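Trainee: fold the following.
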Amino acid sequence: MGSDTQTYLQGLNERQKEAVLQTEGPVLIVAGAGAGKTKTITHRILNLVHKGVAPNEILAITFTNKAAHEMRERMDKLLENDKTLNLPISFTTRPLLCTFHSLGVLILRENAAILGLSRNFTIFDKSDSKRAIKEALEICNIDPKQFDPGKLQNIISRQKGDGVTPETFREKMGKEYLQSILGRVWEQYESILKREKSLDFDDLLLKTLSLLRENESAREHYQNKWKYVHIDEYQDTNKVQYLISKILAEKSRNICVVGDVDQNIYSWRGADIQNMLSFEEDYPEAKVVMLEENYRSSKNILSLANTVIKKNKFRKEKNLFTNNPTGEKIGLFQGYDESDEAYFVAHKINSLIENGAKAEEIAILYRANFQSRIIEEALLHYEVPYHVLGTRFYERKEIKDALSYVRAALNPESLSDIKRIINVPTRGIGKVTIVKMFSGQEESLPSATRAKIQNFKNLLSEIAQNIPIKKPSEIFTDLIKKTGLDTALEDGTDEGVERVENIKELVTLATKYDDMPFPTGIEKMLEEAALASDQDSLIKKQTNAVKVMTVHAAKGLEFDYVFITGLEENLFPHKRMGEERKSEEDEEEERRLFYVAITRARKKLYLCYASIRTIFGSKQMNIPSEFLSDIDESLAEEEIWQKDAERPFKTIRF
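Mentor: So this is what the prediction gives:
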């Protein structure tokens, strides 16, 4: 077996080999960014099969469908290509490599009869859940305008992720008004799920946990079925996922968890960093293996990453190293404003591509989605092909809604625009009413409904009156307030904060047209917005394109060239508008987010910021991000940019 062992362990470094060979008992693999954790997990599973473990006794859980698919592909190749395996390669059983949610579906379908479920239960997505919560509010005679269904949905989801059921919530519920409302709505929501023979995403985990806790035969069945349990991205587990993992491995204690506390960036989704930090308390006999050799980045990039993350207290000490070259210095660019920053980035990318770099190996990262708008403008100017991961600025619902208000004010016959906004924010005007409005039957409607329609028309008329006499930025500022779009979007969730930031960025965009004659500026803005959408859809089809995304979206990806933009206090690290000082845990998560951004880069990293940034149409002087003070001068060089003579007029004017 010695030579065979050497064959399938080739290509692993000493620490990876140690993790692969330690098959019995609890194992904690602390895998730094770019340290080959997927390779280590798949080779560990291969080693178990070599030792005679049946493949179907091995379970590996990861977080995304994409990661699970990639792991399955790698595993299948390893098993099929390993000629030293003493078993028929035509065997039908394979290790189960899946996400937590798909594991939940498997267990619940197999136990549907016990749980009183149909084996073909429906899974509610987010929009289904929101619709059901809206119905629950109506059953409880509660006004959805007073209690936003999306906000209630997020609270219920977070509670379920913490292992709370409607029953346990009722038991611990205080006498606060919001808690009593939530309790009533939650009960009705559960009734709707039951009526429609459905489960929501959180139920897939919560009901699996309940089954494993309460049903001894089911618990023993799965503990015997999967004798070796692997959990990837363990730092991102919430309470329910942590408890499911613990129960499954309770009997064998053969649990191998892989993760990196320094890449825990999802606390807002319920991820609990303590799950990984406390692993050795849960399993005192655990073997700890540190994967610190990075195969991705240059020495300079890793040096900065190590310096940045060392300031955090809530972590397991490690120090990434690499045998890669020292590499280029980190580029530092200070723009006058966000337009300078964006056009520098686009100009530099254009030069990189002209000098042989592949567009798909370049990424632009930002902390907040609203930053993408000016970046997209600059990339279009230089004709750089790009793809925004997520929703493009002009395709975002809140942006389309605001633009539709102006279009409808300019053209009251625009049925599509009026249909889009007549109930944004909610006014209680239904589809039948809209049909009667546009078929000349408005007089047949009840007087209360006619009053609502008239108020809406008055609002459009007021916007129309502003168009010939006000600047575009003033038009949108007034529109956002008078329509109530800003308060409607502020629902207390992260998504709500993002939508408000986007709508305020629309005002900033409008300042670009403020110096044009009235109403040419607003007309030009609407025209360019429409054309940008058409252009975007063409660019989206190009695979050889620069990737533009938030830092959160970049986790798990890597690129030759990475531009991190908006490195200013209150933007990155991010601070919500009106928020007091962040907690220490929040501050550390922002630093982890910066660490994740840095470690996406292989060859060259650019850090960019602006002295002035326009937020909601107002110029703000910025202090450079505290993260920039972590940079050793020997690692960095200032990027000098000779502004393009053909560059369009600036976003900010004095």
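Trainee: correct me, but residue 169 touches residue 159?
Mentor: Yes: taking contacts as C-beta atoms under 8 Å, residue 169 lies within contact range of residue 159: 6.2 Å. (Each C-beta comes from the backbone N, C-alpha and C, glycine too.)
Trainee: where does the protein dip in pLDDT?
Mentor: In the predicted model of the chain, residues 1-6, 86-92, 174-175, 530-542, 576-582, 644-654 satisfy pLDDT under 70.
Trainee: any idea which strand is longest in it?
Mentor: Under DSSP state E, the strand in the chain containing the largest number of residues is strand 601-615.
Trainee: count the residues that sit near the nearest residue to residue 56 once chain neighbours are set aside.
Mentor: In space, not counting the residues next to it along the chain, residue 56 is nearest to residue 93; the distance is 3.9 Å by C-beta to C-beta, 6 or more residues apart in numbering. Neighbour count for residue 93, taken as other C-beta atoms under 10 Å: 10.
Trainee: list the buried residues of the helix or strand in which residue 495 is found.
Mentor: Taking DSSP states H and E as the definition, one finds residue 495 inside helix 494-510. Neighbour-count burial for helix 494-510, with 16 or more other C-beta atoms under 10 Å as criterion, is recorded at 496-510.
Trainee: what ranges do the strands span in the stretch 401-550 of the chain?
Mentor: Counting by DSSP state E, counting those that start in this stretch, the stretch 401-550 of the chain has these strands, from start to end: 546-550.
Trainee: distance of residue 585 relative to residue 264?
Mentor: 10 Å (C-beta to C-beta, to the nearest Å).
Trainee: kindly apply the preceding question to residue 137 instead.
Mentor: To residue 264, residue 137 is 34 Å away according to C-beta to C-beta.
Trainee: between those two, point out the one with more neighbours.
Mentor: Taking residue 137 and residue 264 together and counting by other C-beta under 10 Å, residue 264 has the greater number of neighbours (27 against 23).
Trainee: so how far is residue 288 from that one?
Mentor: For residue 264 relative to residue 288 (C-beta to C-beta), the value is 17 Å.
Trainee: over to residue 206?
Mentor: Relative to residue 288, residue 206 is positioned 31 Å away (criterion: C-beta to C-beta).
Trainee: do the same with residue 155
Mentor: Remark: distance between residue 155 and residue 288 (C-beta to C-beta) = 37 Å.
Trainee: more crowded one of those two?
Mentor: Shown here are residue 155 and residue 288; by other C-beta under 10 Å, residue 155 has more neighbours (17 against 14).
Trainee: secondary structure class for that one?
Mentor: With DSSP: H, G, I helix; E, B strand; the rest coil as the basis, residue 155 sits in helix.
Trainee: what sits closest to it if chain neighbours are left out?
Mentor: residue 182 is the one closest to residue 155 (C-beta to C-beta, 6+ apart), at 6.3 Å.
Trainee: so the one you found sits right up against residue 154, yeah?
Mentor: No: with contacts counted by C-beta under 8 Å, residue 182 stays clear of residue 154, the gap being 11.2 Å.
Trainee: ends of stretch 283-297, how far apart?
Mentor: When the termini of stretch 283-297 are compared using C-alpha to C-alpha, to the nearest Å, they are 33 Å apart.
Trainee: give the buried residues for it.
Mentor: Residues of stretch 283-297 classed as buried by neighbour count (16+ other C-beta under 10 Å): 283, 286, 287, 289, 290, 291, 292, 293, 294, 296, 297.
Trainee: now tell me what touches that stretch from outside.
Mentor: Contacts made with stretch 283-297 from outside it, assessed by C-beta atoms under 8 Å, 6 or more residues apart in numbering, are listed as 13, 15-16, 18-19, 22, 25-37, 40, 253, 255, 279-280, 302, 305, 318-324, 327, 558, 599, 601-602.
Trainee: show me the helices in the stretch 151-300 of the chain, by range?
Mentor: Secondary structure of the stretch 151-300 of the chain (DSSP state H, counting those that start in this stretch): helices at 166-172, 177-195, 201-214, 216-225, 239-248, 274-277, 279-282, 299-309.
Trainee: chain center to stretch 516-524, what's the gap?
Mentor: Taking C-alpha atoms, centre = their mean, to the nearest Å, one finds stretch 516-524 lying 37 Å from the centre of the chain it belongs to.
Trainee: okay, it in CSV with CA atoms only?
Mentor: Output in CSV follows, covering the C-alpha atoms of stretch 516-524 (Å, rounded to 0.1, in the frame of the first residue of the first chain):
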residue,chain,number,x,y,z
MET,A,516,-27.8,71.9,-19.0
PRO,A,517,-30.8,74.2,-19.9
PHE,A,518,-34.2,73.2,-18.5
PRO,A,519,-35.7,70.7,-19.4
THR,A,520,-32.9,69.4,-21.6
GLY,A,521,-30.9,68.0,-18.7
ILE,A,522,-33.7,65.7,-17.4
GLU,A,523,-34.6,64.6,-20.9
LYS,A,524,-30.9,63.8,-21.6
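Trainee: number of residues surrounding residue 468?
Mentor: Using other C-beta under 10 Å as the criterion, residue 468 is surrounded by 9 other residues.
Trainee: can you give me the distance of it to residue 346?
Mentor: Distance of residue 468 to residue 346, given as C-beta to C-beta: 35 Å.
Trainee: over to residue 397?
Mentor: If you measure residue 397 against residue 346 using C-beta to C-beta, the figure is 27 Å.
Trainee: higher neighbour count, these two?
Mentor: Under the criterion of other C-beta under 10 Å, the comparison of residue 397 against residue 346 puts residue 346 first, with 27 against 13.
Trainee: isn't residue 17 up against residue 11?
Mentor: No: contact between residue 17 and residue 11 fails when scored by C-beta under 8 Å: they sit 9.8 Å apart.
Trainee: of these two, who's got more company?
Mentor: Here residue 17 and residue 11 are set side by side on neighbour count (other C-beta under 10 Å), and the busier one is residue 17, at 18 against 10.
Trainee: contacts only, for the more buried one.
Mentor: For residue 17, the contacting residues are residue 9, taking C-beta under 8 Å, 6+ apart as the criterion.
Trainee: and it, backbone torsions?
Mentor: Reported as degrees, to the nearest 10, the phi and psi values for residue 17 are phi -60, psi -40.
Trainee: and what of residue 570?
Mentor: With angles defined as degrees, to the nearest 10, residue 570 shows backbone torsions of phi 80, psi -10.
Trainee: give me the neighbour count for it.
Mentor: Residues contacting residue 570 under the criterion other C-beta under 10 Å number 16.
Trainee: measure it to residue 621 for me?
Mentor: Residue 570 is 11 Å from residue 621, by C-beta to C-beta.
Trainee: what's the answer for residue 112, then?
Mentor: 61 Å.
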